[in-house]
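Peer 1: Kindly generate the corresponding structure for this input.
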Amino acid sequence: MGTAEPFAVLAGTGITSTGPTTINGDIGTYPNTAMTVTGSLVLNGTDHSGDGVTQTAKSDLTAAYLDAAGQTSDFPVIADLAGQTLTPGVYTTATGLEINGPVPLTLDAGGDANAVFVFQAGSTLITQPNTQVNLVNGAIACNVFWQVTSSATLGVDSTFRGTILALQSSTLNTRATLEGRVLSRNGAVTLDQNTILRPACASPVTATYTGGTGGSGGTAGTGGTGGQVTRVPVGSVDAGGGLVTVAALFRSVTAR
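Peer 2: Below you'll find the predicted structure:
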C-alpha cells in the first residue's frame with residue numbers, strides 16, 4: 001500500500017459525508033478536492049485533501065490496485081458469497097461480487113496470521129443490508145483486499161472487512177461499518193452515518209512529495225455544500241454544515 005497505508009478514505013473526485021460519521025485514519029481526495037460534510041464527522045486522523053501527501057498516496061493506490069488485479073486466480077466465484085467459508089487465496093469473477101446475507105461470508109485463515117485473501121471483481125461489489133464479513137482463525141482485515149473494476153456499494157447496516165480498491169466510486173450506505181479502508185482511484189467516496197476503522201497494518205509510512213503541477217484527471221472542487229474540511233490546531237474543524245471533531249494526536253506525515 002505504500003504511502004496509501006495510513007488512509008482510511010481516499011478518493012479521486014471528492015468525499016461526501018452525511019453524519020454522524022466516524023473515521024479512524026487519514027482522509028484525502030485528489031485531483032478533485034471537494035469535501036462536503038453535512039452533520040458531524042469525527043476524524044481520528046489527518047485530512048490531507050489535495051495536498052502532496054494525497055497525491056503521492058493516489059499514485060501508490062494505483063500501484064496497489066494494479067497489483068491486486070494482476071494476481072493469478074486460484075478460485076472462481078460462481079455464486080453469492082453469503083454463507084460461504086473461504087480459505088486464503090485469490091478469488092475471481094468476470095462479473096460482480098455479491099454478498100446477499102443474512103448468513104455471513106466467513107474468511108478462515110486456518111491459524112495463519114499472514115494469510116491473504118484477494119477478491120477480483122470484473123464489475124461491481126455490492127452487499128445487501130445487514131450482511132457481514134467475518135474473520136476467523138487468525139484472519140485479519142489488513143490482509144483482505146477487494147479489487148473492484150467498477151464501483152463498490154455497502155448495504156445499510158452491513159459489516160464489512162478489508163481494503164476496498166475501487167476503480168470508480170464507493171458508497172457506504174446508512175450505518176454500514178468498515179474495518180479496513182475505502183479507496184477509490186477515479187471516483188468519489190460517499191458516506192452516510194458510517195464507522196470506518198483503519199486497522200494498524202504496518203509501521204507508519206512517511207510520504208515525500210517533490211512538487212509539480214499535479215494531474216489532469218479532474219478539476220479541483222470548491223467544497224460544495226458544507227465546505228471543505230480543514231485542520232486547525234485547536235482540535236476541531238468548522239465544516240460549515242457541522243462541527244468536525246479531530247483527535248488531538250495526529251499521525252506524523254511529512255510533505256515537502
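Peer 1: From Ile164, how far out is Ile23?
Peer 2: As judged by C-beta to C-beta, to the nearest Å, Ile23 and Ile164 stand 14 Å apart. (C-beta placed from N, C-alpha, C; glycine too.)
Peer 1: In terms of neighbours, single out the busier of the two.
Peer 2: Ile23 (26 against 23; other C-beta atoms under 10 Å).
Peer 1: tell me what whichever strand or helix holds that one is packed against?
Peer 2: Using DSSP states H and E, Ile23 sits in strand 21-24. In this structure, strand 21-24 packs against strand 7-18, strand 41-44, strand 195-197, with contacts taken as 3 or more C-beta pairs under 8 Å, 6 or more residues apart in numbering; DSSP states H and E.
Peer 1: Please identify the deepest-packed of these.
Peer 2: Among the helices and strands packed on strand 21-24, strand 7-18 has the highest mean neighbour count (mean count of other C-beta atoms under 10 Å), at a mean of 26.
Peer 1: C-alpha coordinates for it, PDB please?
Peer 2: Written as PDB, here are the backbone C-alpha positions of strand 7-18 (Å, rounded to 0.1, in the frame of the first residue of the first chain):
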ATOM      1  CA  PHE A   7      -5.500   6.400   4.700                       C
ATOM      2  CA  ALA A   8      -9.000   5.100   5.700                       C
ATOM      3  CA  VAL A   9     -10.700   7.100   2.900                       C
ATOM      4  CA  LEU A  10      -9.000   8.100  -0.300                       C
ATOM      5  CA  ALA A  11     -10.900   9.400  -3.400                       C
ATOM      6  CA  GLY A  12     -10.400  10.900  -6.800                       C
ATOM      7  CA  THR A  13     -13.400  13.200  -7.200                       C
ATOM      8  CA  GLY A  14     -14.400  14.200  -3.700                       C
ATOM      9  CA  ILE A  15     -15.700  12.900  -0.400                       C
ATOM     10  CA  THR A  16     -19.300  13.400   0.800                       C
ATOM     11  CA  SER A  17     -20.300  12.600   4.400                       C
ATOM     12  CA  THR A  18     -23.700  12.700   5.900                       C
END
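Peer 1: Which strands and helices lie in contact with it?
Peer 2: For strand 7-18, the elements it packs on are strand 21-24, strand 26-38, helix 52-69, strand 177-184, strand 189-192, strand 195-197, judged by 3+ C-beta pairs under 8 Å, 6+ apart.
Peer 1: Which stretch among those approaches Phe7 most closely?
Peer 2: strand 26-38 (4.7 Å; C-beta to C-beta).
Peer 1: tilt between that closest one and strand 177-184?
Peer 2: Going by axes from the mean of the first three to the mean of the last three C-alpha atoms, to 10 degrees, strand 26-38 is angled at 100 degrees with respect to strand 177-184.
Peer 1: chain center to strand 26-38, what's the gap?
Peer 2: Strand 26-38 sits 13 Å away from the centroid of its parent chain (C-alpha atoms, centre = their mean, to the nearest Å).
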